[in-house]
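**Student:** structure of the sequence below:
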Amino acid sequence: MGKGGDDLGTNKQTNGSESSNFEPFPPWAKDVRECEDHFGVSAEKGLTTDDVAKRHQIYGLNELEKPEGTSLFKLILEQFNDTLVRILLAAAVISFVLAFVDGDEGGEMAITAFVEPLVIFLILIVNAVVGIWQETNAEKALEALKEIQSQQATVTRDGVKMSSLPAKELVPGDVVELRVGDKVPADMRVVRLISSTLRVEQGSLTGESEAVSKTTKPVEENADIQGKKCMVFAGTTVVNGSCVCLVTHTGMSTEIGRVHSQIQEAAQHEEDTPLKKKLNEFGEALTMIIGLICALVWLINVKYFLSWESVDGWPRNFKFSFEKCTYYFEIAVALAVAAIPEGLPAVITTCLALGTRKMAQKNALVRKLPSVETLGCTTIEDWPVGRMDTNLQMIAKIAAICNDADVEKSENQFVARGMPTEAALKVLVEKMGFPEGANKASSLADGDVLRCCRLWSELEQRIATLEFDRDRKSMGVMVDSSSGKKLLLVKGAVENVLERSTHIQLLDGSTQELDQYSRDLILQSLHDMSMSALRCLGFAYSDVPSDFATYDGSEDHPAHQQLLNPSNYSSIESNLTFVGFVGLRDPPRKEVRQAIADCRTAGIRVMVITGDNKSTAEAICREIGVFEADEDISSRSLTGKEFMDVKDQKNHLRQSGGLLFSRAEPKHKQEIVRLLKEDGEVVAMTGDGVNDAPALKLADIGVAMGISGTEVAKEASDMVLADDNFSTIVAAVGEGRSIYNNMKAFIRYMISSNIGEVASIFLTAALGIPEGMIPVQLLWVNLVTDGPPATALGFNPPDKDIMKKPPRRSDDSLITAWILFRYLVIGMYVGVATVGVFIIWYTHSSFMGIDLSQDGHSLVSYSQLAHWGQCSSWEGFKVSPFTAGSQTFSFESNPCEYFHQGKIKASTLSLSVLVAIEMFNSLNALSEDGSLVTMPPWVNPWLLLAMAVSFGLHFVILYVPFLAQVFGIVPLSLNEWLLVLAVSLPVILIDEVLKFVGRLTSGYRYSPRTPSAKQKTE
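**Tutor:** Just a heads-up that it's a prediction; the model follows:
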């Protein structure tokens, strides 16, 4: 389906961008007769029914192909194609099996044993559902392209005109008639103009800012898409005139079809974001570390479940304990659960959602914004009515009457109807006002938006129109003037109007012959205004030719026949009196220049890629500050074609400062983005048209325009600007940097916490003491207790100099060597503290003056605790009952249970120390190197609230009996809480010392990079 090409001789499909290489028959380079012969059709009669049937079999339907969707089963499998997810899945399966084998081990209830695997499975299911939802929404850009295609077409077949043929049934060779407002249904060769002119709005495909005039004349074979003036392209719109066309390409072989293919290709090569890459790298490194530590723990404890005797130097009489083997296997599973930050994906998602809200407040909407369509808006200001010289009166008259546009007021804005340039001229007339002393008697209301234009129209009645065409580049109208004369009023390209002028009107209204000196002065002024990004239009008038002296617009008048042939218009518009010219522009917003300066300060390079012509683009770039006013930009301003011919393209893109690429096609934009990404740059691409969609998809960050952008561009983008304002991007970059810094803060926080958990389990196994914390407790800490502080770190205020720092490199480490060392130190302290408090409870009746004997528990020596597995062989070993809240634990029948069920108080102390240390450690994460003295906790009140929530949640599971039973913990007394605080608070002092060392050595660690290091493009 949708594969229509144009080579009827070989039935080959065109699939590519370079015309010279992939087009067997270039219709734009052939005259109409050759095109008819090639496609075997007459423009008068069209194809026969038999021809259509045959070509349908060859080319299929005229529609864009829908790629085969990924099956639901494959999407589900893809969600588990992640290292961390696989480790979690393995841990959950093993935990589930062990729950069946040994549900009551260590005093846990059977339901407790199943909590951990069920929670992990729930995490994985939610993660998979979110991933599948994202996948199914990722390729809507392809569907949006289909909406751009025309639905119906007027086609001639078998000599009969069919006015509403479904556009998808068109085939190469069909003859189609287009009129004003029609959406072009396929790529077609213009074979005949019905009106004198034909203008097509194709900016969404080519990036051109103005509607383009079309002709029947062939162009060069190697012309770019903007240069194919005799072709109309699928998805574009006719804004003026009507014509007959010959279909040359359908479906996927059209230009919009190629954009469709490029979007698909870009989607297939879509890369992970820099953060995602770093997290993946971290996951892979974590996998290796987990594997090594698990193996080490296994080897350290192998003596407890596997023993043998040595006979004649060979191991004999092996003894294996399945119970001990599963116990230490559970420790390995707990280690995996502790090492993986299960809550990290959820916290990252939350932080990005908060950042999205902040960006939305600055008009940067992260996908997706509903389409807002506004045809045009301008603010009309009246000039004071007063004396207007004769010359300006004539310019106002011509601008008002030789004009087919309209401007209406809709609610609180002005909307342009018709060509934007002509609408701007009417606004100019209103700003100039009406000349003093002119006849103002009119029935028009004073509140009429175009009152002055309508007054001119009453004075000068239009009786004929000489429509614009590309050859003479002008438009003329004949008017019956209030002065009693018939005048010809002309506007158009200054050079062309000047060429047909023989006289010039002066300020006082007198005229004189137009000599060469005056022509040169006018052309020099024209050049100066053009270099200032002004689009210039010339104005002239004359008496009508003698043949039209009595013409009143009647078709029966003899002179009317001359108006039916546009080739006569140039001779009619001759011997003109040149009045002057005006410069029009859509001025860049005032804040754009400052925004580009801010980009420079932030180390961001701005590259302009546009479909406009080179001189206009250069003038605009100078105006907005991409280039300086008198800067030599010969090496930094190229057309798309010129860039493709550059030998060392990457070296060209590495130039410092701004770059400009004009007359760019979609393939040029894609190639530029691809080369920048290959060179290690982080690329943000802005665009609004269909032609921008592939590059938006390919860029690291695709940014679409919310007001002027097409739906295709919005769907292909990552972010939409609600106000179409470049400065919004700069604000969003600042917000993005703040978000990234905050994400680094909570990632450092969560990783340091997990290092502490791993250290705790490793020390427990290495020392041979009973397991301090069970997997479900670690899972609770990672998912629930750590979550609120980590999320609150996303509210850290941005640094004041955040937009004065250069962009981070895409290969910068998420966690530097110094940060890793810091948190290894912190992690080791967490491990020592959690294991230490466990040992203190068993071996000490008091610590740092805190009495721990109030519950009546028995003390043991450290040697006994480290060899608790040999308890059954100890003679006379007895322990006393102890209390925990309202519970009493007694071990008369089996004293060795003191190291199983009896460890519940020591385990609770370890868990509480872990929670408290992680809360205090979140304060350390407020700043990477800043002390809490200079950046106190209250700079982020949300963090203080989050700490309160986390402590509150911990109190809930401690003091609600059912939850305490599920998590295998008991309530703590006041003295025991004092012990928890005494062991936990030093983590702040330790990190303060490390931060101080970090500040002292920052100059060494952040020394400038080598000269070869490149700036990033954001």
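**Student:** can you pull the phi/psi pair for the spatially most central residue of the chain?
**Tutor:** Nearest to the geometric centre of the chain sits residue 718, at 2.2 Å (CA atoms, centre = their mean). When read as degrees, to the nearest 10, the backbone of residue 718 gives phi -100, psi -20.
**Student:** check the gap between it and residue 236 for me.
**Tutor:** Remark: distance between residue 718 and residue 236 (CB to CB, to the nearest Å) = 26 Å. For every residue, glycine as well, the C-beta is placed using N, CA and C.
**Student:** picking that back up, go ahead and confirm the residue nearest to the centre of the chain touches residue 702.
**Tutor:** Yes: taking contacts as CB atoms under 8 Å, residue 718 lies within contact range of residue 702: 4.9 Å.
**Student:** isn't residue 544 right up against residue 550?
**Tutor:** No: using CB under 8 Å, residue 544 makes no contact with residue 550, being 9.8 Å away.
**Student:** who has more neighbours, the two?
**Tutor:** Between residue 544 and residue 550, counted using other CB atoms under 10 Å, the more crowded position is residue 544 (21 against 12).
**Student:** and the more buried one, what's its pLDDT?
**Tutor:** With respect to pLDDT, residue 544 has a value of 89.
**Student:** residues touching residue 635, list them.
**Tutor:** Contacts for residue 635 (CB atoms under 8 Å, 6 or more residues apart in numbering) come out as residue 655.
**Student:** ok, residue 560 next?
**Tutor:** 551, 554.
**Student:** from residue 575, how far out is it?
**Tutor:** In this view, residue 560 and residue 575 are 21 Å apart by CB to CB.
**Student:** where does the stretch 351-500 of the chain have low pLDDT?
**Tutor:** For the stretch 351-500 of the chain, the stretches with pLDDT under 70 are 351-390, 410-413, 418, 436-447, 470.
**Student:** what do you get for the stretch 151-300 of the chain?
**Tutor:** 196, 204, 207-210, 266-280, 282-283, 286-287, 290.
**Student:** if we go to 90?
**Tutor:** Across the stretch 151-300 of the chain, the ranges flagged by pLDDT under 90 are 151-154, 159-168, 178-183, 185, 192-217, 221-227, 229, 234-242, 251-300.
**Student:** now swap in the stretch 501-650 of the chain and tell me
**Tutor:** 505-512, 514-515, 517-519, 522-537, 544-571, 580, 582-637, 639-642, 644-650.
**Student:** just the helices in it please.
**Tutor:** Ranges of helices in the stretch 501-650 of the chain, per DSSP state H, counting those that start in this stretch, are 516-530, 560-563, 569-572, 590-601, 614-624, 640-645, 649-653.
**Student:** against which helices or strands is the fourth one packed?
**Tutor:** Meaning helix 590-601. The contact analysis (3 or more CB pairs under 8 Å, 6 or more residues apart in numbering; DSSP states H and E) places helix 590-601 against helix 614-624, helix 726-767.
**Student:** need the ones you listed in JSON lines (columns: mean neighbour count).
**Tutor:** Below are the helices and strands packed on helix 590-601 laid out as JSON lines (neighbours: other CB atoms under 10 Å):
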{"stretch": "helix 614-624", "mean neighbour count": "20"}
{"stretch": "helix 726-767", "mean neighbour count": "22"}
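**Student:** if you average pLDDT over each of these, which is lowest?
**Tutor:** helix 726-767 - the lowest mean pLDDT of these, at a mean of 76.
**Student:** now do the helix or strand where residue 840 lies against helix 726-767, angle only.
**Tutor:** Per DSSP states H and E: residue 840 is located in helix 817-843. Helix 817-843 and helix 726-767 are oriented at 40 degrees to each other (axes from the mean of the first three to the mean of the last three CA atoms, to 10 degrees).
**Student:** and helix 817-843, which residues are buried?
**Tutor:** 818-820, 822-823, 825-831, 833-842 (16 or more other CB atoms under 10 Å).
**Student:** return the distance of it from the chain's centre.
**Tutor:** 42 Å (CA atoms, centre = their mean, to the nearest Å).
**Student:** does anything pack onto that helix? Which helices or strands?
**Tutor:** On a contact count with 3+ CB pairs under 8 Å, 6+ apart, helix 817-843 meets helix 726-767, helix 862-866, helix 904-924, helix 974-984, helix 986-1000.
**Student:** next SSE after that helix?
**Tutor:** Per DSSP H and E, the first helix or strand lying C-terminal to helix 817-843 is strand 846-847.
**Student:** so what's residue 861 closest to, chain neighbours aside?
**Tutor:** residue 843 (6.7 Å; CB to CB, 6 or more residues apart in numbering).
**Student:** what's near enough to touch the one you found?
**Tutor:** Residues in contact with residue 843 (CB under 8 Å, 6+ apart) are 859-862, 865.
**Student:** ok, and the most crowded of these?
**Tutor:** Comparing the contacts of residue 843 on neighbour count, residue 865 comes out first with 20 neighbours (neighbours: other CB under 10 Å).
**Student:** that one contacts residue 842, correct?
**Tutor:** Yes: if you go by CB under 8 Å, residue 865 and residue 842 touch, sitting 5.2 Å apart.
**Student:** give me the secondary structure label for residue 41.
**Tutor:** When classified by DSSP: H, G, I helix; E, B strand; the rest coil, residue 41 comes out as coil.
**Student:** okay, now it: neighbour count?
**Tutor:** Neighbour tally, residue 41, other CB under 10 Å: 24.
**Student:** wait, what's in contact with it?
**Tutor:** Residue 41 makes contact with 47, 51, 173-175, 246, according to CB under 8 Å, 6+ apart.
**Student:** repeat that with 10 Å
**Tutor:** 8, 35, 47-48, 51, 156-157, 172-175, 191, 246-247 (CB atoms under 10 Å, 6 or more residues apart in numbering).
**Student:** of those residues, just the buried ones, ChimeraX syntax please.
**Tutor:** With 16+ other CB under 10 Å as the criterion, this ChimeraX line picks the buried residues out of the contacts of residue 41:
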select :8,35,47,51,156,157,172,173,174,175,191,246,247
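**Student:** nearest to residue 406 among the contacts of residue 41?
**Tutor:** Of all the contacts of residue 41, the one with the least separation from residue 406 (CB to CB) is residue 191, at 31.9 Å.
**Student:** tell me what the helix or strand in which the closest one is found is packed against?
**Tutor:** Under the criterion of DSSP H and E, residue 191 resides in strand 187-193. Contacts defined by 3 or more CB pairs under 10 Å, 6 or more residues apart in numbering; DSSP states H and E place strand 187-193 against helix 32-39, strand 175-178, strand 231-232, strand 243-249, helix 255-268.
**Student:** of those, which is nearest residue 311?
**Tutor:** Counting by CB to CB, residue 311 lies closest to helix 255-268 out of these; the figure is 63.9 Å.
**Student:** what residues of the closest one count as buried?
**Tutor:** 255-264, 266-267.
**Student:** same check on stretch 637-652?
**Tutor:** Residues of stretch 637-652 classed as buried by neighbour count (16+ other CB under 10 Å): 637-640, 643, 652.
**Student:** still on that earlier bit, may I see the helices and strands packed on strand 187-193 organised as CSV, with distance to residue 501 added?
**Tutor:** Compiled in CSV, the helices and strands packed on strand 187-193 are given as follows (distance: least, CB to CB, whole Å):
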stretch, distance to residue 501
helix 32-39, 34
strand 175-178, 35
strand 231-232, 33
strand 243-249, 31
helix 255-268, 40
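**Student:** any stretches of the stretch 751-900 of the chain with poor pLDDT?
**Tutor:** Using pLDDT under 90, the stretch 751-900 of the chain drops low at 751-828, 830-831, 841-900.
**Student:** try 50
**Tutor:** Within the stretch 751-900 of the chain, no range satisfies pLDDT under 50.
**Student:** just after the strand holding residue 191, pick out the following helix or strand.
**Tutor:** The helix or strand immediately downstream of strand 187-193 is strand 199-201, counting by DSSP H and E.
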